[in-house]
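**Q** I need the structure of the sequence given here:
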Amino acid sequence: MEDIKNILQENLAYYLEQKKIIVSRLSVLPRGKTKEKKINGDTYFYLQSRQAGRVVDEYIGKTVPQDLQESLQQRKMLEIELEKVREAIKLLDKRDKPESSLMEPIDQILHKFTEAGLWDSGIEIVGTWCFLIYARYLPIEKYPLRTQDKDFLIPMPYKGAVFDLSAYFRQLGFMEHFNPDGSMFFSTGTLKIEFLAPHKGRKDDSSPYIRELSIKPQVLRLVDILLKEAIDIKISPGIWVRVPSPCSFLLHKLLIANRWNRGSKKEKDLKQAVYIGQYVLMDEPEKQKLLSLWQTFSPAWKSKVKKALADAHRVLPLKSPLITLLQSHLP
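**A** Alright, predicted model coming up:
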């Protein structure tokens, strides 16, 4: 399963290249901050910076030029991004990669889902693992991500193949756990398997038991978007998976990025959306599906997506031109 193993490998070269690009950008941007001074009742502005160990004030004028303000803001965003890149390089350079213990159950799970016809039943891989599959098998720019969670989305009502998922995961050595809402997940300590289902309305807060699968998935709002226009990807001989269409994945990530419960996941949501967005805009059929799906969104949903794209400029300053292009296609 060399192809699947490659999904897990960290791309240290990516971060080294990002560091080189950011440092190059920073070298041509002004440094420091603007400082206001009052002299004889008049206001003057200076650019204050530290040079050779001392503070230097460089006169700007009676106003701060717009392009200087933008350049200083860009420097601030790039410096934040550089710190994140350096931290990633530090972690990747030192981290051991014992993948075999993690890969063995994933290999078995994907093969069993194919054999049991669960992909044909409409079950999809979603979340970060979905993005990693995109990155491996679609022509998109690579962006390395690490996750030990593997999420499966089950269409509701379920009308597919019968397969005892609970017994199967226990057989593989997974421990069965329950969330407060009664939904189930399985864990080995190094790998967590979760099952999700679309939330069907205000009265649908409880976790439904799917008898055909012997599983109680966690119900979530908005995930029904991921069931539109699903695609199948062959990842190795005899094994294929079903994942959401890239355009559905893109809009879903932008839609949920600013939800109250995303917390630290927001940044990852935005990064995945922007990187898959480049592929969506370059692939004409996928772009048309994006525009079509966008027209079905309510004004409230569109507003959430637009806010997420605005936030993405801060999270991914090097991708601002691409983000602006996405904004122009989602008016």
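**Q** going forward, measure contacts between C-alpha atoms and count neighbours the same way
**A** Fine.
**Q** okay, now Asn179: neighbour count?
**A** By other CA atoms under 10 Å, the residues close to Asn179 number 11.
**Q** got the phi/psi numbers for it?
**A** The phi and psi values for Asn179, taken as degrees, to the nearest 10, are phi -80, psi 170.
**Q** Identify the residue spatially nearest to it, adjacent ones excluded.
**A** Phe185 (7.6 Å; CA to CA, 6 or more residues apart in numbering).
**Q** Neighbours of that neighbour, how many?
**A** Phe185: 23 neighbours (other CA under 10 Å).
**Q** That one is in contact with Arg170, isn't it?
**A** No - using CA atoms under 8 Å, Phe185 is not in contact with Arg170; the gap is 11.0 Å.
**Q** circling back: off-centre distance for the helix or strand in which the residue nearest to Asn179 is found?
**A** For Phe185, the host element (DSSP states H and E) is strand 184-187. Computed by CA atoms, centre = their mean, to the nearest Å, the chain-centroid distance of strand 184-187 equals 22 Å.
**Q** quick one: contacts of that strand?
**A** For strand 184-187, the external contacting residues (CA atoms under 8 Å, 6 or more residues apart in numbering) are 169, 174-179, 192-195, 215-218.
**Q** mind running it again at 10 Å?
**A** The list of residues contacting strand 184-187 from outside it, by CA atoms under 10 Å, 6 or more residues apart in numbering, reads 148-149, 151, 166, 169-170, 173-179, 192-196, 207, 209, 215-218.
**Q** Of those residues, which belong to helices?
**A** In helices, defined here by DSSP state H, the members of the contacts of strand 184-187 are 166, 169-170.
**Q** Show me the shaky parts of this structure.
**A** Along the chain, the model assigns pLDDT under 70 to residues 1-14, 52-53, 88, 90-104, 143-147, 201-206.
**Q** residue boundaries of the helices in it?
**A** According to DSSP H, the helices that the chain contains are 2-8, 12-27, 66-94, 100-115, 128-137, 165-171, 246-256, 265-282, 284-295, 299-315, 320-329.
**Q** Most tightly packed of these?
**A** Comparing the helices of the chain by mean neighbour count (mean count of other CA atoms under 10 Å), helix 246-256 ranks first with a mean of 24.
**Q** what angle sits between it and helix 128-137?
**A** Here helix 246-256 runs at an angle of 140 degrees relative to helix 128-137 (axes from the mean of the first three to the mean of the last three CA atoms, to 10 degrees).
**Q** just checking, what packs against helix 246-256?
**A** Packing contacts for helix 246-256, counted by 3 or more CA pairs under 10 Å, 6 or more residues apart in numbering; DSSP states H and E, involve helix 128-137, helix 265-282, helix 284-295, helix 299-315.
**Q** go with 8 Å
**A** Secondary-structure packing of helix 246-256 (3 or more CA pairs under 8 Å, 6 or more residues apart in numbering; DSSP states H and E): helix 265-282, helix 284-295, helix 299-315.
**Q** Return the distance of it from the chain's centre.
**A** With CA atoms, centre = their mean, you get 9 Å for helix 246-256.
**Q** if we can go back for a sec, and the buried ones among the contacts of strand 184-187, selectable in PyMOL?
**A** To isolate in PyMOL the members of the contacts of strand 184-187 that are buried, counting by 16 or more other CA atoms under 10 Å, one can use:
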select buried, resi 149+151+166+169+174+192+193+194+195+196+207+215+216+217+218
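**Q** Next step: the contacts of strand 184-187 restricted to strands.
**A** 149, 151, 175-178, 192-196, 218 (DSSP state E).
**Q** Kindly indicate which of those residues lies nearest Leu316.
**A** Minimum distance to Leu316 across those is 24.2 Å, recorded for Asp149 (CA to CA).
**Q** Pull up the gap between the residue nearest to the closest one when sequence neighbours are not counted and Tyr168, please.
**A** If the residues on either side of it in the chain are set aside, Asp149 comes closest to Lys192, at 4.7 Å by CA to CA, 6+ apart. With the distance defined as CA to CA, to the nearest Å, Lys192 ends up 14 Å from Tyr168.
**Q** re earlier: so for the strand holding Phe185, what gets flagged as buried?
**A** Buried residues in strand 184-187 (16+ other CA under 10 Å): 184-187.
**Q** Output the residues you listed in a markdown table, with distance to Arg314 appended to each entry.
**A** Compiled in a markdown table, these are given as follows (distance: CA to CA, whole Å):
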| residue | distance to Arg314 |
| --- | --- |
| Met184 | 36 |
| Phe185 | 35 |
| Phe186 | 36 |
| Ser187 | 35 |
